[in-house]
Structures are given as structure tokens and as C-alpha cells.
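> okay, predicted coordinates and the sequence, questions at the end:
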Amino acid sequence: MNAADFSTNRHSAHAHMAMYTASKHTDLYFNDGNIVLLAGMSYFLVHQGLLARHSEVLNELMRSMDNTPTLEDRPVLTLSDSSTDVANFLKAMYDGISFITYDSEGFPTLSGLLRMLTKYKVHHLQNDILRGLSNYWPTTLTQWDAREASVTGQDGTYTPRDSLPHPIEIINLAREIDHLPLLPSAMYDLTRSTPSEAAIGFVSPSTGTTIRLEYADLQAVLKGREQASRFFSTFIVNNLEGRQPSPSCQRRKDGNPVNKRTCQIAFEAITFELLRDINGIISNRTSDPLYAMTEAEQMQIRDDLLNGEASPMKTCERCRADFGDIVDAAKEQFWQKLPKWFDIDVSPWG
């Protein structure tokens, strides 16, 4: 891409008109600055050396300036970006990225800044933000489990939409900046919505506009959702339906026939509970195989059900340990398959 494509200086009439109507930015205006950046209705008096050090694109743009207009006796570089995006971009280069947040409220600022850092090839700041995003849209199962725990209340209610950006926003941003590692976990997150919700999109709280996926990504999400559902169904059939107690079951030698079958009865009850998905409905986590597989293990250590009655799903320590190993292996296998299910080529993954 030619450096001129990033600047509107070649449109001299427009640039001159904007110069006469723009106002200087109240913060990003340095008396010892030696170049003016003009964006929208604002101009910024900043330092060429700092811009050149951080951005190879801006360095090329400044080198290619010829017969450029001046403002306050400094050369003017006109950018096609919004004044808000340029302000955040400059703030990040001068002060760092501590002002951004990774929640839904801060996402408009973060996404705008990340687009700018990508466009102007400010790689170190771009990578810093991507590392922060990867805590919530990770490539490893361990990070995913930590992310899920961070948005789960003490009562077990799962409310990621109260704090994290919508996965459609993350998918669209990842495509725009061409950062594929964000996609599998974001797409999996979206599969936990209904197909109609994924297709309809959502209304952005910051702009009031409806944001949707590109058709190809919607297809990938729906196909991946089907693959995840099949995996979970197979998990239930292979590891829960008709499951016998562990060979080392602590109740195997119990003289009471009822007590002897306690662990087997518990696995039957767990199977029934998963098929009803009642826990997923209560905690707002339906169609979530990773959660459901974890729940199949956690049900075995809970003392009470929601109605306060003694749980019929408590197994002995040996049966629980054997099943826990199966759950851990199944979750890891599930996680490793996500890129393939969504047709995303990501390496490394997991």
C-alpha cells in the first residue's frame, strides 16, 4: 500500500479548508512540537521523531511530504482517521496503553486504537493490547477456565455480557486486523447463544447500531456449534450412559446392596441431569459443552441440590477421581478441535 493511501494531503483543497476550521487538541498539543497532524475537526502539534520511532508508516508519510501546507509554521500531515482515533493513538504512543480497558464499556476505545496501531504498524503497542485481549479470548484451555471463573458470580450465575465485549465484536475485530488467534474462543463463545441470536446480531450499547457477522463467519459458527454438540453427545454416550463404578470403588465391597450401587446410581442421575441441562439453564450457560463436562464432575462433590435435598449424585473418591481424569482429557481434546471446527488455521493452539 502506498503511503499516500494513509493521508489526505494529496487533496489540497480539502486539507486547506479543514485547517481553517479545525481546533487544536487541548491535551495533545506540545509547544515544542514540529509537525501538525490534522484529523477531522482537530489538529495535534506533536513530534516527528517520536512518530517516526514508533511507526514505520508515519515515518514514510513524513518523508514523502512535499510542498505541504503549514499551520502555526509547522508542516501539516492530514490523516483520514477520526480525531478521536488519532487522539487515542497519539496518547498511546506518548503515555502507553494504561488508559484502555478490556470490558464492554472500554471496547470502542480499545478496538479503535487497535485498528490504528495495526494500520500504522506500531507493533509493540499492538502486541501489548493483543496480549491483554488473549486473557479473555485465549488459545489455551487453562486461560479459558480462568476467564470463565472471572465472569461467574458467587451464586454460580454466569454473566459475561455484563463485563466482556460481545463475541461478534471480537470476531469482526479479529478479521479486520487479521489476528486469527482470537477467533476460535470467540466463535465458541458465540455458539453458546442460539443460532437465531447469532444470526440476528446484537445492538451496540455505544452506537445503537446492529452489529452482525459476515455470512462466512456465521456459517463457521453454526457448523462449529453442531460439531461441539456432537462431541458432547458422544461424551455422554461413551463416558456416562451405563457407566459402572471404578474397579477400585470404595463401595464395591459394601454388604448393603443399595449402598453398593450408590456410585452407579449417581452416574445415572448425572446423565439425566446433563440431558435436562437444568444447571445450564439456571446459570445462563446452555449449549456449553466445556461447562457441562466440568459440571458432570462437580455434581459429584456437592452436598445439596437446589431444593435442599441430599444429592443422589455423590460418588466415592475413587470413582470421582477416575471420572475426573476422563473429563480433563475430554475437555482438552474438545479445546484442541475448536480451530478445525471453525475452519481457522491457528498455530500454535492450546
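Nice, thanks for sending it over. Numbers count the residues shown, from 1 in each chain.
> where does the closest residue in space to Pro348 that isn't next to it in sequence land in three-state SS?
Leaving aside its sequence neighbours, Pro348 sits nearest to Thr139 (C-beta to C-beta, 6 or more residues apart in numbering; 7.2 Å). For every residue, glycine as well, the C-beta is placed using N, CA and C. At Thr139 the chain is in coil, as set by DSSP: H, G, I helix; E, B strand; the rest coil.
> ok, Thr139 - contacts?
181, 184-185, 346, 348-350 (C-beta atoms under 8 Å, 6 or more residues apart in numbering).
> most remote residue from this structure's center?
For the chain, the residue at maximal distance from the C-alpha centroid (C-alpha atoms, centre = their mean) is Gly255, at 53.0 Å.
> what separation is there between Ala174 and Glu214?
Using C-beta to C-beta, to the nearest Å, Ala174 is found at 12 Å from Glu214.
> more neighbours, those two?
Ala174 (23 against 11; other C-beta atoms under 10 Å).
> what is the burial count for the residue lying closest to Leu213 once chain neighbours are set aside?
Among residues not flanking Leu213 along the chain, Ile168 sits closest, at 5.7 Å (C-beta to C-beta, 6+ apart). A count of nearby residues for Ile168, using other C-beta under 10 Å, gives 25.
> for Ile170, same thing?
Neighbours around Ile170, by other C-beta under 10 Å: 24.
> cool, the one 5 residues further on as well?
One way to gauge burial is a neighbour count; for Arg175, by other C-beta under 10 Å, it gives 16.
> right, and the helix or strand after the host helix or strand of it?
Taking DSSP states H and E as the definition, Arg175 sits inside helix 167-177. Per DSSP H and E, the first helix or strand lying C-terminal to helix 167-177 is helix 183-191.
> residues contacting that following helix, please?
For helix 183-191, contacts defined as C-beta under 8 Å, 6+ apart pick out 137-139, 144, 160, 167-168, 170-171, 174-175, 198, 217, 220-221, 224-225, 228, 287, 290, 338-339, 342, 344, 346, 349.
> what does the average pLDDT come to for it?
Averaged over helix 183-191, pLDDT sits at 97.
> please shift the residue numbers so they start at 43 in all later answers.
With 43 as the first residue, the last one maps to helix 225-233.
> got the angle between it and helix 209-219?
150 degrees (axes from the mean of the first three to the mean of the last three C-alpha atoms, to 10 degrees).
> now the element after helix 225-233, going C-ward?
The helix or strand immediately downstream of helix 225-233 is helix 237-242, counting by DSSP H and E.
> what's that next one packed up against?
Applying 3 or more C-beta pairs under 8 Å, 6 or more residues apart in numbering; DSSP states H and E, we find helix 237-242 packed against helix 257-281.
> neighbouring contacts of the helix it packs on?
Residues outside helix 257-281 that contact it (C-beta under 8 Å, 6+ apart): 213, 217, 229-230, 232-233, 237, 240-241, 254-255, 313, 316-317, 329, 331, 334-335, 365, 368, 372, 376, 379-380, 383-386.
> measure Thr120 to Ala81 for me?
8 Å.
> OK, contacts around the residue most central in space within the chain?
Nearest residue to the geometric centre of the chain (C-alpha atoms, centre = their mean): Trp179, 3.4 Å. Applying C-beta under 8 Å, 6+ apart, one finds that Trp179 lies in contact with 212, 224, 227-228, 231.
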